[in-house]
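> sharing a model that was predicted from the sequence below.
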Amino acid sequence: MLAVRLKLRYSAMAGVASFISSPSTSSSSIATNNKLYFQVNSNRQLFNNRVSLTTRIPNASIRCFASSSSSPTAKIHVQNPIVEMDGDEMTRVIWKMIKDKLIYPYLELDTKYYDLGILNRDATDDQVTVESAEATLKYNVAVKCATITPDETRVEEFGLKSMWKSPNGTIRNILNGTVFREPILCTNIPRIVPGWKKPICIGRHAFGDQYRATDAIIKGPGKLKMVFVPENGEAPMELNVYDFKGPGIALAMYNVDQSIRAFAESSMSMAFSKKWPLYLSTKNTILKKYDGRFKDIFQEVYEEKWKQQFEEHSIWYEHRLIDDMVAYALKSEGGYVWACKNYDGDVQSDLLAQGFGSLGLMTSVLLSSDGKTLEAEAAHGTVTRHFRLHQKGQETSTNSVASIFAWTRGLGHRAQLDGNQKLLEFVHNLEASCIGTIESGKMTKDLAILAHGPKVSREFYLNTEEFIDAVAQQLQQKLHASTPT
């Protein structure tokens, strides 16, 4: 018997490998996800990327090659650019994996790249953040990696010139948009609120109120007054607030009609795009003028621009008191948009995230008032603890789902603006691959803890890269299945 020794090294990113054998040998191979499956006489062997392996094959002559393309079909052309905002720490590591394995192999995409990593923001005196937001206004779509908002410890850690503001806040102010968060539902990830069968999309009016308020410590007895001085020379408006009999505290806050109106427009645009009802929650029974202004402006915008369109699709807008709305949210099955004032949205968005399962399964988009400009990001932070392990070369199991969905929600908006059906189908396939991977039992440790309990063993979860590879494998299968033969 003539035996042939084969030593094969396969180092292509991904592709197809094959060999030709003599008629007496039944042989075939296929490569996916950086792994080469080589079948000889029905004995299947696995050649990992960059691993040499020697085998003996009787009566065979062999020729092997690998293609340079990793996608099963031609790349989808994206007509217009999107803005890409890079970030920090573990999410920056994940961000690159997502681009390399899930985005660029399939899309012919022009990205306007801005490095919002903390060191580059420091080097540019945070001008790069402003420039990225201005570019988003120009191109209408941005995808953003999670970023560090420095505190005193971070200033010292990185030797920063200043304690730079939150990049998210800077971007929000320039885009004048509303932040919407929405859960990603997986059937095998239990919910703390089991009655929530459909997503709840919560919109936070991220301007003014407590977050731009002026507060003070009152040291002793005295009168607290609030004074407004008109620019047109009219008499000042002076309001008596409280007669202090001893030490205390005081707060003055504000909002503006223009921002409230933009909030209403964004909220109604989001609800209409989803064909879901919209609820606004306030405490106008107590803050009759302050919260009453939110209620009045929302009603005006609805009556003037949206009522007919909503009714044509059997959806509606309704104002509710915040305490009534919280109770309704807990007993509802979901399937609506909830517009919240700044503080309410800050609190209730985290409540929804935990109620649905995890912040790691939460999308976050910033939508402008005209519904045309959108910036998508993960709802969580930079996962510093995992990054410290990564820096030491240790294994991590970091959830990348929200970062993947930042890309899909941004690209989905690009597809809708451009009328690009192929891109929209790709986005749906990628999101379905993410969810399908988790529902097949392949997930990161944080989700495995939710599914199997806090003492979950290693065999029940994947590491960071393994999970993204598993999503990539499902995506390839879906794209192969949808490709005409």
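Everything's here; your move.

> in the protein, where is pLDDT below threshold?
1-73, 484-485 (pLDDT under 70).

> again, 50 this time
1-71 (pLDDT under 50).

> domain ranges for it?
Listed by automatic domain parsing, the domain ranges of the chain are 3-66, 75-163+360-485, 191-213+256-356, 214-252.

> how far does the third one stretch from start to finish?
As for domain 191-213+256-356, its first-to-last residue distance stands at 5 Å under the measure CA to CA, to the nearest Å.

> which stretches in the stretch 151-300 of the chain count as helices?
152-158, 167-175, 257-274, 290-301 (DSSP state H, counting those that start in this stretch).

> if we can go back for a sec, a markdown table for the domains of the chain, including mean neighbour count and distance to Thr170?
For the C-beta atoms, the positions are set from N, CA and C on the backbone; glycine is no exception. As requested, the domains of the chain are arranged in a markdown table below (neighbours: other CB atoms under 10 Å; distance: least, CB to CB, whole Å):
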| stretch | mean neighbour count | distance to Thr170 |
| --- | --- | --- |
| domain 3-66 | 15 | 36 |
| domain 75-163+360-485 | 19 | 5 |
| domain 191-213+256-356 | 18 | 12 |
| domain 214-252 | 10 | 21 |
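
> switch those domains over to TSV; also include distance to Phe180.
Formatted as TSV, the domains of the chain follow (distance: least, CB to CB, whole Å):
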stretch	distance to Phe180
domain 3-66	33
domain 75-163+360-485	5
domain 191-213+256-356	5
domain 214-252	28
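
> out of the ones you listed, which is closest to Pro183?
Closest approach to Pro183 among these is made by domain 191-213+256-356 (3.7 Å; CB to CB).

> check contacts around Lys341.
By CB atoms under 8 Å, 6 or more residues apart in numbering, the residues touching Lys341 are 205, 209, 281-282, 291, 294.

> er, Thr282 actually
Neighbours of Thr282 in contact, by CB under 8 Å, 6+ apart: 291-292, 294-295, 319, 321-322, 341.

> go again with 10 Å.
Contact analysis of Thr282 by CB atoms under 10 Å, 6 or more residues apart in numbering lists 290-295, 298, 319-322, 325, 339-341, 344.

> what is it paired to in the beta sheet?
Leu321 (DSSP bridges).

> for stretch 454-465, which outside residues touch it?
With CB under 10 Å, 6+ apart, stretch 454-465 has contacts from 90, 93-94, 97, 101, 383, 386, 390, 395-400, 437, 441-453, 467-470.

> how about a cut-off of 7 Å?
The contact list for stretch 454-465, computed with CB atoms under 7 Å, 6 or more residues apart in numbering, reads 94, 97, 395-398, 400, 442-445, 448-449, 452, 470.

> and if you look at stretch 468-476?
By CB under 7 Å, 6+ apart, stretch 468-476 touches 32-33, 72, 97-98, 101-102, 400, 429-430, 433-434, 436-437, 442, 462.

> quick check: closest non-adjacent residue to Ile435.
Cys186 (5.6 Å; CB to CB, 6 or more residues apart in numbering).

> can you tell me how far the one you found sits from Phe356?
Distance, Cys186 to Phe356, using CB to CB, to the nearest Å: 10 Å.

> and if you look at Asn173?
From Asn173 to Phe356 the distance is 29 Å (CB to CB).

> quick one, helices of the stretch 1-150 of the chain?
89-98, 118-123, 127-139.

> ok so, going back, any idea which of the contacts of Thr282 is closest to Ser364?
Cys340 (14.1 Å).

> ok, back up a step: got a list of what the residue nearest to Ile435 touches?
361, 435, 438-439.

> from the chain's centroid, how far away is stretch 322-334?
With CA atoms, centre = their mean, to the nearest Å as the basis, stretch 322-334 stands 25 Å off its chain's centre.
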